[in-house]
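In: output the structure for:
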Amino acid sequence: MKEIIDFIVLIIIYIFIFYKKWKSRGKDVLFVNTTMYIYLSFVLYFTLMPIITSLPFIFNHPYTPMNLVPFIDVTFGRGDFTRQLGLNIIMTIPFGFLLPLMKKENTKLLRVVFYTFLLSLGIEILQPLINGIRSSDITDIITNVTGGIIGYIMYLIFKPLTTKILNYIGHR
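Out: Numbering: from 1, shown residues only. A predicted model of the protein is given here:
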């Protein structure tokens, strides 16, 4: 229920800040950027929300530093590590796919890796700050970047098709 406030704010930001700007650049830009915006909104939902209602309480719990030992859960068999690894990879595949579509110039793999890393690092730093129950882990960053790379490879594979689709959308 608390997440509804966050979604209302995201909708307001979209309507009053991004929609007109993206629409003026063409239907193809509007489509790709809106798709990325919706995707990132759901990433926020699954990783950080509720945000706004949590802000008054961010100093009411201890901040647990990030676990910097990669794959420690796998090594010690803690929790449902296979599920977590898979979900972290799956979560950023759309990011690796959509990011090059947002840029008109030829986006390179290193740029996708860098931005996926920044996205993941931001989430991992904020999770224990916003919610004292959540923790952050270097393994999540590694698997998120892996997902971004897979998404980029999928973008390269489907680039001819997506180019045709976006050209069609842009000319309608």
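In: quick check: buried residues in whichever strand or helix holds Phe95?
Out: Assessed by DSSP states H and E, Phe95 sits inside helix 81-102. Using 16 or more other Cβ atoms under 10 Å as the test for burial, helix 81-102 gives 81, 84-85, 88-89, 91-101. For glycine as for every other residue, the C-beta is placed from the backbone atoms N, C-alpha and C.
In: who are the packing partners of that helix?
Out: Where contact means 3 or more Cβ pairs under 8 Å, 6 or more residues apart in numbering; DSSP states H and E, helix 81-102 is packed against helix 27-47, helix 72-76, helix 109-130, helix 138-170.
In: what's the least confident stretch among those helices?
Out: When the helices and strands packed on helix 81-102 are compared on mean pLDDT, helix 72-76 scores lowest, with a mean of 81.
In: what's the spacing between it and its chain's center?
Out: 25 Å (Cα atoms, centre = their mean, to the nearest Å).
In: now do stretch 100-120
Out: Using Cα atoms, centre = their mean, the offset of stretch 100-120 from its chain centre is 12 Å.
In: out of the buried residues of helix 81-102, which one has the lowest pLDDT?
Out: Phe81 (84).
In: wait, what's in contact with that residue?
Out: 73-74 (Cβ atoms under 8 Å, 6 or more residues apart in numbering).
In: before we move on, what about Asp73?
Out: Contacts of Asp73 by Cβ under 8 Å, 6+ apart are 79, 81, 84, 137, 139.
In: quick check: the fourth one touching Met66?
Out: Meaning Asp137. Yes - contact between Asp137 and Met66 holds when scored by Cβ atoms under 8 Å: they sit 6.6 Å apart.
In: more neighbours, these two?
Out: Asp137 (20 against 16; other Cβ atoms under 10 Å).
In: rewinding a little: looking at the helices and strands packed on helix 81-102, which is closest to Pro56?
Out: Smallest distance to Pro56 across these (Cβ to Cβ): 11.2 Å, for helix 109-130.
In: picking up where we left off before, need the contacts of Asp73 in a markdown table (columns: distance to Val43).
Out: Formatted as a markdown table, these follow (distance: Cβ to Cβ, whole Å):
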| residue | distance to Val43 |
| --- | --- |
| Gly79 | 21 |
| Phe81 | 21 |
| Gln84 | 15 |
| Asp137 | 16 |
| Thr139 | 17 |
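In: relative to Thr35, which of these is nearest.
Out: When those are compared against Thr35 (criterion: Cβ to Cβ), the nearest one is Gln84, at 25.7 Å.
In: fine, thanks again, bye for now.
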